[in-house]
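J.: Coordinates for the following, if possible.
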Amino acid sequence: MATVEVIHFRMQEGADEQEFIREDERVGREYTPYQPGFVGRESAKNDQGDWVVIVHWENAEDAEASMEKFPNDPTAQRFIALMDSDTFSMTRYEVVLDT
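T.: The predicted model follows:
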């Protein structure tokens with residue numbers, strides 16, 4: 001069943017937002033599109049400095065497999081370093097309606 005992965009976080013205090021955006025684009029270009037079951041990815045932020053990355057997967061197993069590999073992938077290293085890990089949360093949702 002289709003899965004939506006929603007990741008919330010803040011950037012590290014003092015991190016350069018433009019660098020983070022470049023690294024986020026890199027992950028979206030060089031990592032996630034090559035993972036089995038990947039459907040799409042988007043990132044957004046609000047005025048309070050909260051970020052969200054939403055990744056669409058064919059199923060939860062593909063989402064889990066990608067997340068297990070992600071921390072060790074060279075493409076992800078700087079992206080992860082710029083995130084405040086204390087604010088990180090990730091939730092997966094099963095798609096019940098797709099219009």
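J.: all contacts plus neighbour counts: C-alpha atoms, from now on.
T.: Will do.
J.: Which parts of this structure are helices?
T.: Taking DSSP state H as the criterion, the chain carries its helices at 17-30, 60-69, 77-82.
J.: now for the longest one, which elements pack on it?
T.: For helix 17-30, the helices and strands in contact under the criterion 3 or more Cα pairs under 8 Å, 6 or more residues apart in numbering; DSSP states H and E are helix 77-82.
J.: since we're on Arg78, how many residues are nearby?
T.: The local packing of Arg78 (other Cα atoms under 10 Å) involves 14 other residues.
J.: which residues touch it?
T.: With contacts defined as Cα atoms under 8 Å, 6 or more residues apart in numbering, the neighbours of Arg78 are Glu23.
J.: residue closest to the middle of this protein?
T.: Val53 (4.5 Å; Cα atoms, centre = their mean).
J.: I'd like the distance between that one and Glu42.
T.: In this view, Val53 and Glu42 are 6 Å apart by Cα to Cα, to the nearest Å.
J.: what does Gln35 give?
T.: Using Cα to Cα, one obtains 15 Å as the distance from Gln35 to Glu42.
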